[in-house]
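Q: got a predicted model here, sequence first, then my questions.
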Amino acid sequence: MTAPSPNGASVTTTSSATRPVALAVEGMAVTYSGILEVCSDVTIDVRRGEALALIGESGSGKSVTVLAVTGLLGRGGAIVRGSVKLDGEEISQLSERERRGRKLLGKRIGMIFQNPSRALDPVFTIGQQLNEALRLTGLSGKAELRAKGTEWLRHVGLPDPEEALDRYPHQLSGGQRQRAMIAIALASEPELLIADEPTTALDVTIQAQVLNLIRRLQRELNLALVLVTHDFGVVAAMADRVAVMYGGQVVETGTVDEIIRRPRHPYTQALLASIPTGHAGARIEALAGSVPHAASMPSGCRFHPRCPSAIPTCQTREPILEPNREGRVMRCLRADELGHQNG
Amino acid sequence: MSSLIQVRETAPERRTSRTLAIFKALVKDPIGCTALIILTVVLALAILAPFVAQFDPLVQNRRAILQPPSLTHWFGTDDIGRDVFSRVLYGTQISLLVGLMVVVITMIIGGLIGMISGYFGGWVDMIIQRIVEALDTLPSLVLSLFIAAMLGPSVRNVIIAVTLAQIPRFVRVVRSETMKIRGHDFIAASRVIGASPLRIMLTHGVPNLMPTMLVLGSLAFGIAIMTEAALSFLGVGTPPPNPSLGTMLSQGTRFIGQAPWLIIFPGLMLTISVLALNLIGDALRDVLDPRNR
Amino acid sequence: MAEAQTLFSLDDVSVRYPIRRGFFQRVVGHVGAVDGVSFDLRRGETLALVGESGCGKSTLGRAILRLEEVAAGTITTAGKQLVSRKELARKAQVVFQDPLGSLDPRWTIGNLIGEGIDVHRTATGAARDAKVRELLGQVELPSSAFHKFPHQLSGGQQQRVAIARALAMRPELIVLDEATSALDVSVQAQILNLLKDLQAEYSLTYLFISHDLTVVGQFADRVAVMYLGRIMEMGDAAEVLAAPRHPYTRALLASSLKVDPDMRIDRVPLLTGDVPSPRNPPSGCRFRSRCPLAQPACADLRHHMITAANGRQAAACIANGDL
Amino acid sequence: MIVFAIRRAVLGVLVLVAVALMVFVTVRLIPGDIVNQQLAEAGAVTPELLAEKRAAMGLDKPMHEQFLVWAGGMVRGDLGLSLWTGRPVAAQVGTALLPTLQLSIIAIAMGALVGIGAGVLAALWRGTAGDMVLRMMSTVFLAIPQLWLGLLTLTGLALIGYYIPLPYRSFATDPWANFQQVIFPALALSLGVAAALSRLTRSAMLEVTGADFIRAARARGVSSSGLYLGHALKNALIPVITLLGTQFGNLLSGTVIIERIFNVPGLGNLLFEAVANRDYTVIQAAVLTYGLITIVVNLLVDLSYGLVDPRIREARS
Amino acid sequence: QDKHGGKVVINVHADAPNFDPLASTEFAVHSRLGLAMNRLVEWQTGDDIGYGQFVAKPGLAESWEISEDGLTYTFKIRDAVWQDVAPVSGRAVTSADVVATYEAILAGGVQKGLLSAVDTITAPDDKTVVITLKRRNVVLLQNLAHQNMWILPTEAFDGGYDRNTTVIGTGPWILTADEVGVATRYVRNESYFGKDENGEQLPYLDEVEILPIKDLNARIMAFRSGQVDIWFGPLNMTQMEGLKQALPDMQDVQTTANTQSELYLNPSFEPFASLEVRQAMNLALDRLGLGEVVRGGGGIGGVVGPALNTQTLPEEERIALYGTPDHEKAKALLADAGYPDGFTFEFTVLNYGEEFVREAEWIQQDLAEIGVTAEIKMVDTVAGQALGKEGDFQAMFLMMSPFAEADEYFTSHYLPGAVRNYTGIDDPALTAMIEEQQGIMDVAERQEKIWEIQRYVYENIQNPLPIWAAVLLHPAQADIRGWHPMITQGFPSLPEVWVED
Ligand SMILES: Nc1ncnc2c1ncn2[C@@H]1O[C@H](COP(=O)(O)OP(=O)(O)OP(=O)(O)O)[C@@H](O)[C@H]1O
Ligand SMILES: Nc1ncnc2c1ncn2[C@@H]1O[C@H](COP(=O)(O)OP(=O)(O)OP(=O)(O)O)[C@@H](O)[C@H]1O
Ligand SMILES: [Mg+2]
Ligand SMILES: [Mg+2]
Ligand code: NI
């Protein structure tokens, strides 16, 4: 593997639209125990070499979405509607065994979790856990595995990679653990990398290091990246495109520029307004209320109880995710009117 | 980030009704419900023994010895013609009494020592822990046997012996639980508010320890009943003519081949009582876990 | 500012956690969590404490609340050092990061908020309940919350309860230990606004512990940047964040991401390495193991604060020429 | 690790000394003494004879002197002579220890095997009928007192006309007879262990399977067997080992009863008789042996934590 | 059939703590020693001899002579050799061995009391032992045949070997192994002096094994499964019936126990100071019912236990005195004594096993009928004996030692300071009568005296109250022949036991 290309950034935005779609989720709904619909109508797609950020408040269904894609929903969870296509292949209804059989788990999809201290098995060495992933690439033999493992750890920038193979997770610092986690996720050479709040547990200085690493590797390996976060700073720094989630639905998608500079959906706008600006003493425009729970979803537009621009119809009619007049994809009954007003 | 939960519009709960709430939750829990029913039946039989039993458990019907179970003697009679059914009922009474006393005393003493040990730490903790460790080195039955032998067989001494053997476990668990609770921010918040250690222990410590104590207590109850039986079996427990379940088992062993009812019924009662208490413990563990409420 | 304006005064405060080992729990060493920190908390101001995880922010806050013993140095209140626990309770209160963990799960909201009133016996019976309801109103919670249990509230509401509980003591200082970092931005904004309103109404002083520099820039009057138990830089928040002086402050500021699509991650200047363990911090300037400007002489640098003309303080630094 | 083991062993000895002192004092508080027992059936015993015999055994000396004599012997590795048999206590305790250890080891091994197996299965089959059956069985088995179980086994065997061969034979002299003698009491002992272990294993497995690292392992395509037997079980092992340690203690309690029921000449029987005879030296040695077993087991448990969990291993070195 | 050969397994319910006959009176020791050792005088056994009947038979003494005044006993030692065990290794038995043994006993053996009348013991030659007495003692012969009067070689006393572990005797079998909790094993002693009536060399059996099975059920199982040939130890009738069902052909040998339960009433507890109260208690007890239900057999107790069938009062008389409860009369007596409403006392019961506890429970219910409440306090036997010696009890229920002579009953119970005189009886008239009977050489005359003493005790002392001598069951497997259980320990009939094919 080679050193990161220093100026890949400028290439991305222009050429991404022509690349093949790696992951396409359409109208996906997820329930737990068949009753609790925690995600309904999630539509996202990611292309090779592209980074998609999923953003939204806590409980808006970001994690559930990515778990559904990987098939790790856990007990009681199931995709009940919609489709999930990986490289055009429908995978939404596959069992875990079938997913393993088709090398979906590990081999084609890599995953990084929020808390690196909890996502690494404390009683196995980094090397042992790395080997589980490396074996999926057909590698075997102690020496070979070791060599490849060392290479990966060097690649993610762990000091003393050879030695780090024999370390246990608790012997590494938080940042190092997340690097090891990344190495393990990438070791099976997936095409799609999913990172669920990969840096929330880390300090800002370490966060910058890790995000930088993820971005660099994504470029190098031409990965499709789905990055879950609730930090617009991370979105601005990492994403090519953004999907904003609320109440288990995607409410707006667009390029990072569009979403941050010219948000259209009232929710996106309110969310952005809630972020402190750093200007001393300025009052923040707080978005009142909190995310509704899956068990008590409002009717109509799910955001209407908190929406400053809500009109009576919002209570009854369910908006769908569609492009508005100016071509911005969003889920709002007043998409066309509001667009300009707030732009 | 932990997912935030919406305000659930439930009826306002009051502190005074918590016991009732726990009870209600127990009734709703399938295991808890089963356990409560069994325990209620056992308890009722034991407490109402004077009314349920047709015979005096101590009176010898010298003309009807070793009768197999029949309509008159539901569980048969023993070797001097006492009604086994009545004896089982009264034996359960004694067993439950011993268990209850042991649990109450252990909860108070063990809980107190454990809390002091866990809250204050330092050398007090060190000394308590070492004593507990020394006591814990001996298998509990050996320790009980020893104390019971020293004190002589009597119900009171059985209670002392079993309690002493149970206390270490309580102290250990309560201590570690106290330490866990002490680390919580809400304890720090109370300290900042100016609450005294005693107040904190009583108002925050005890209620938060209660689930652990109750679960531990219900298990200890079962263990106490079994230990009482074991001690009585070994001849250092409840003295005759009192019908302790263990004494009955021990007496019944002489007739294993000829009169199995002497073994089966007391043992069954013993098992059912312990089972009910274990089940209550299980159910309480689920019900009292704040995560489940 | 005048002496009378000083609420708490910290002079060369150090806090150490003992490391215990073995059968007799002997103390085999210490974690120097806070090391020689001095500053004044002025009445009515918001002083922010920022720094990476483990740098001793919480410990310092806890030391002021006397939840940790001070190993060296003094913390004085209005010139006095010894105040009783109960007196201190009326001077300083706290709101912790984890809203659920700082509320006893077995207590109702009413009792949680009323605990201070009960302990200090400032009111009883109906008067006490009325006071609690009043507090509920002040933190914008419905009075139906009175009989609820903490887990029945949302995170933001829980944090409001914690604030109400602190307010019940009518304190002068509230230590906000990452009081909003567990919350969503929208809820964080609500809480920050509430805190601002309360500060204005009751002329509260805040010690605002955070690691989000943007929030600090907006919320705090002054800021103290900590690293491995020491203050590296301190001064007016706007000034420090606009023109950081110490290399550590600069690195910290540079690493924190802005909501600006032009600031792509590959443009962010990276600070290398991890925070060293406070058990055996580097000698001299503690930042030198990660400092891009480090020189061999940094290993022998004695830590002390240099005060500039405008009242800004920065730790001695060879690269800066501050010696 | 070795340093840790040595340190723990030394501390164990300290605890034993405390136990020894406790036992030494309390045995002498039990009313009656060995001389009463030895001369129980004597037709014509004079008070002088009683005093003479007491003096011969040193029972007339003040208690602290007796303790020093005994402790001195202990330090030299001499447990003294049995007051009752006049034979070396060490040999007596040694022969009695063997069957007790054999019983408990077999019981704990069977219990662990069955219990952990059933626990893993129940966790795997979570929510199914199989899980229900296993859980119900373990709950019921946990409630059956060993005392009753032993008696029932004996009754059952009598009813089907099977007789455990007697007398007791050690494994070395007659393995087959020894097997028949040990297997039933061991079974009676192991049932509770298996029940307790299966319950704990199940809940520990379920707790672990909810952990992030299991999800992470699934995400990198680890097979279910690898997940359950590799990641989950190894992580669930710490509480299981802890319970195994406490169960060994319970088991030792159980042997006292079971040895009596099945007539196994073990430590429990020895202790019981020694108490009946007021054979102080044997009581002290037997109790200390129990203490020693517990301490060794605890040490093994502690050491095995280190084997399973690198964090613990590290904290010790 | 040639009776020689074969093996018999006996079960004795306890381990031998050691093999030193001088150290304890433990039955487990002496019952085992009997297979390997002899006494100077032995107990005769046979079909026509009762279980508790002492008929002297030559042991190591071939013959003996008693002087006219009854003060000098001259024993002729037979030609016998010690077992071929080092360090004695088959040397001939001499009078020195006998003297050494008795002197050791006098110096500190538990049997010391049995020789209390002895003045000197001398050995004029290798084969003669002369014993002189301080006063006449007609029970001396029986004392020498007592169950723990085993003769040991001189080496046992001069440090030649350890009596605790090594057993060297002249008896029919050689003890080869003793594994605690497992078995005591014996093989035939080829050089045993005994011959049967046809002059055939005894013993018949090649091997004997004694199994210490402590648990009753295990014992029953062992017998039922044929792993035990001869039963020795507690067994009740119900269990016996169970055994019989399983083994219809087995031999059901029953005797009356040489021990009996006794109820001590301590006069330091006020009501029991009154003879009337003690008589009332006696009248309250339904001993025959107790014997039938609890024990399923045996004999009603007496001042001298019923096993000594020639010395105890005749059965009808014992029934008249002890076996005819009369609650009305008892209540009247209580009222006379000032306790019309009865009283409550602490009933200390020594734990001699389940049946014994049942007896106590039986007594408790009987006493309740006359308004006397007994609160049972269980203690173990050792603690009980200590309490007894200190007089620290109100009423105590225990099992008497296995005595084989009326004299033993008298001297241990009624002489001031005697070991079983727990209630401090000091009646000069009684003491005189007891001393007198020791010197009556005429058998019939002595018997009269013994009866007189017993009646005297009933009338004037009534303490302790004799209760019941249990039935002793000695089942043996069907193929065992020549088995005669005997009151004395050491299985005296065992040399003549043989196994039928
Ligand atoms: N295993 C589950 N069973 C039932 N409900 C679940 C489960 N996992 C998640 N949920 C519910 O699904 C909804 C969405 O949860 P999700 O974890 O996807 O949120 P998120 O956007 O990732 O939030 P966060 O920022 O806190 O991670 C929440 O209401 C949550 O309570
Ligand atoms: N109770 C304790 N015992 C021992 N060490 C402790 C204890 N509490 C904190 N420490 C250590 O003291 C140092 C400072 O901890 P502190 O909690 O003050 O950091 P912080 O700046 O608040 O970090 P964070 O941002 O993670 O809350 C850390 O290295 C921590 O490991
Ligand atoms: Mg999430
Ligand atoms: Mg902190
Ligand atoms: Ni989050």
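A: Received it, and whenever you're ready, just let me know what you need. Ligands and ions are numbered 1, 2, ... in the order given.
Q: the residue in chain C positioned nearest to ligand 1: neighbour count?
A: Residue nearest to ligand 1 within chain C: C:D184 (7.8 Å; CB to the nearest ligand atom). Where C-beta positions appear, they are placed from N, C-alpha and C, glycine not excepted. C:D184: 25 surrounding residues under other CB atoms under 10 Å in any protein chain shown.
Q: and the spatially closest residue to it that is not a sequence neighbour, how far from A:F113?
A: In space, and not counting its chain neighbours, C:D184 is closest to A:E57: 4.4 Å by CB to CB, 6 or more residues apart in numbering or on different chains. Separation of A:E57 from A:F113 (CB to CB, to the nearest Å): 20 Å.
Q: same question, E:I319
A: Counting by CB to CB - E:I319 and A:F113 are separated by 92 Å.
Q: which secondary element of chain E has the worst mean pLDDT?
A: helix E:216-224 (a mean of 80; mean pLDDT, DSSP states H and E).
Q: run the chain-centre distance for that helix.
A: Centre-to-centre, helix E:216-224 and its host chain are 24 Å apart (CA atoms, centre = their mean, to the nearest Å).
Q: phi first, then psi, for the residue in chain E that chain D sits nearest to.
A: Closest to chain D within chain E is E:G113: 2.1 Å, counting by CB to the nearest CB. Main-chain dihedrals, E:G113, degrees, to the nearest 10: phi -60, psi -30.
Q: count the neighbours of it for me.
A: The number of residues packed near E:G113 is 21, by other CB under 10 Å.
Q: mind checking pLDDT for it?
A: Confidence at E:G113, expressed as pLDDT, is 81.
Q: how about the residue in the stretch 101-250 of chain C positioned nearest to chain D: what's its closest non-neighbour residue?
A: Nearest residue of the stretch 101-250 of chain C to chain D: C:A182, at 18.1 Å (CB to the nearest CB). Spatially, and ignoring its direct neighbours in sequence, C:A182 is nearest to C:Q97 (5.6 Å; CB to CB, 6+ apart).
Q: again, but for C:A315
A: C:M232 (4.7 Å).
Q: touching, the one you found and C:P244? I think so.
A: No. Contact criterion CB atoms under 8 Å: C:M232 and C:P244 do not qualify, at 9.7 Å.
Q: between those two, tell me which one has more neighbours.
A: Between C:M232 and C:P244, counting by other CB under 10 Å, C:M232 is the more crowded of the two (29 against 21).
Q: give me the three-state assignment for that one.
A: With DSSP: H, G, I helix; E, B strand; the rest coil as the basis, the three-state label of C:M232 is strand.
Q: about what we covered before: pLDDT at the residue nearest to C:A315, what is it?
A: 92.
Q: dump the residue contacts of it.
A: Neighbour list for C:M232: C:G51, C:V225, C:M226, C:H246, C:Y248, C:T249, C:F287, C:A314, C:A315 [criterion: CB atoms under 8 Å, 6 or more residues apart in numbering or on different chains].
Q: looking at those, which are in helices?
A: Using DSSP state H, the members of these that fall within helices are C:Y248, C:T249.
Q: near ligand 2, which of the contacts of C:M232 show up?
A: C:G51 (CB under 6 Å from any ligand atom).
Q: the contacts of C:M232: which two are farthest apart?
A: C:G51 and C:A314 (14.3 Å; CB to CB).
Q: and the most centrally placed residue in chain D, what element?
A: In chain D, the residue lying closest to the centroid (CA atoms, centre = their mean) is D:L252, at 2.7 Å. Assigned by DSSP states H and E, D:L252 falls within helix D:233-262.
Q: next one: that helix to chain centre, how far?
A: 7 Å.
Q: against which helices or strands is the helix or strand just after that helix packed?
A: Where DSSP H and E defines the elements, the next helix or strand beyond helix D:233-262 is helix D:267-277. Here helix D:267-277 touches helix B:140-151, helix D:34-38, helix D:89-124, helix D:233-262, helix D:280-308, helix E:381-390, going by 3 or more CB pairs under 8 Å, 6 or more residues apart in numbering or on different chains; DSSP states H and E.
Q: please identify which helix or strand holds the residue most central in space within chain C.
A: Residue closest to the average C-alpha location in chain C (CA atoms, centre = their mean): C:I209, at 2.8 Å. For C:I209, the enclosing helix or strand under DSSP H and E is strand C:205-210.
Q: other SSEs contacting the helix or strand immediately after that strand in the chain?
A: Per DSSP H and E, the first helix or strand lying C-terminal to strand C:205-210 is helix C:213-219. Under the contact criterion of 3+ CB pairs under 8 Å, 6+ apart, helix C:213-219 touches strand C:46-50, helix C:185-202, strand C:205-210, helix C:237-242.
Q: hmm, try it at 10 Å
A: strand C:46-50, helix C:185-202, strand C:205-210, strand C:222-227, helix C:237-242, helix C:247-255 (3 or more CB pairs under 10 Å, 6 or more residues apart in numbering or on different chains; DSSP states H and E).
Q: show me what secondary structure element comes after the shortest one.
A: Past strand C:46-50, further along toward the C-terminus, the next helix or strand under DSSP H and E is helix C:57-64.
Q: quick revisit: can I assume the residue nearest to C:D184 sits in a strand?
A: No. Assigned with three-state DSSP, A:E57 falls outside any strand and is coil.
Q: so the residue of chain C closest to ligand 1 touches A:S290, yeah?
A: Yes. C:D184 sits in contact with A:S290 when judged by CB atoms under 10 Å, with a separation of 7.4 Å.
Q: and for the two, which residues touch both?
A: Contact with both C:D184 and A:S290 is made by residues A:E57, A:S58, A:G59, B:L4, C:S154, C:G155, C:G156, C:Q190, according to CB atoms under 10 Å, 6 or more residues apart in numbering or on different chains.
Q: how many other residues sit next to the last one?
A: Using other CB under 10 Å, C:Q190 is surrounded by 24 other residues.
Q: state the helix or strand in which the residue lying closest to it once chain neighbours are set aside lies.
A: The shortest distance from C:Q190 to any non-neighbouring residue, by CB to CB, 6+ apart, is to A:A286 (4.4 Å). Assigned by DSSP H and E, A:A286 falls within no helix or strand.
Q: name all residues that make contact with A:A286.
A: A:270, A:273-274, C:185-194.
Q: which residues sit in contact with the closest residue in space to the residue nearest to the centre of chain D that isn't next to it in sequence?
A: Sequence neighbours aside, B:P139 is the residue nearest to D:L252 in space, at 3.8 Å (criterion: CB to CB, 6+ apart). By CB under 10 Å, 6+ apart, the contact list for B:P139 reads B:145, B:165, D:248-256, D:267-268, D:287, D:290-291, D:293-294.
Q: if we use 6 Å, what do you get?
A: B:P139 makes contacts with D:G249, D:L252, D:S253, D:Y290, as judged by CB atoms under 6 Å, 6 or more residues apart in numbering or on different chains.
Q: gap between the nearest residue to the first one once chain neighbours are set aside and B:Y119?
A: Using CB to CB, 6+ apart and skipping residues adjacent in sequence, the residue nearest D:G249 is B:P139, 5.4 Å away. Using CB to CB, we find B:P139 at a distance of 30 Å from B:Y119.
Q: now E:E68
A: 91 Å.
Q: and what of E:L247?
A: Taking CB to CB, one finds E:L247 at 67 Å from B:Y119.
Q: those two: who's more crowded?
A: Neighbour tally, E:L247 and B:Y119, criterion other CB under 10 Å: the higher count belongs to B:Y119, 20 against 17.
Q: is it true that the more buried one lies in a strand?
A: No. Read with three-state DSSP, B:Y119 is helix and lies in no strand.
Q: residues contacting the nearest residue to it once chain neighbours are set aside?
A: Among residues not flanking B:Y119 along the chain, B:T178 sits closest, at 5.5 Å (CB to CB, 6+ apart). Residues counted as contacts of B:T178 (CB under 6 Å, 6+ apart) are B:M115, B:G118, B:Y119.
Q: rerun at 7 Å
A: Applying CB atoms under 7 Å, 6 or more residues apart in numbering or on different chains to B:T178 gives the contacts B:G114, B:M115, B:G118, B:Y119, B:G205, B:L209.
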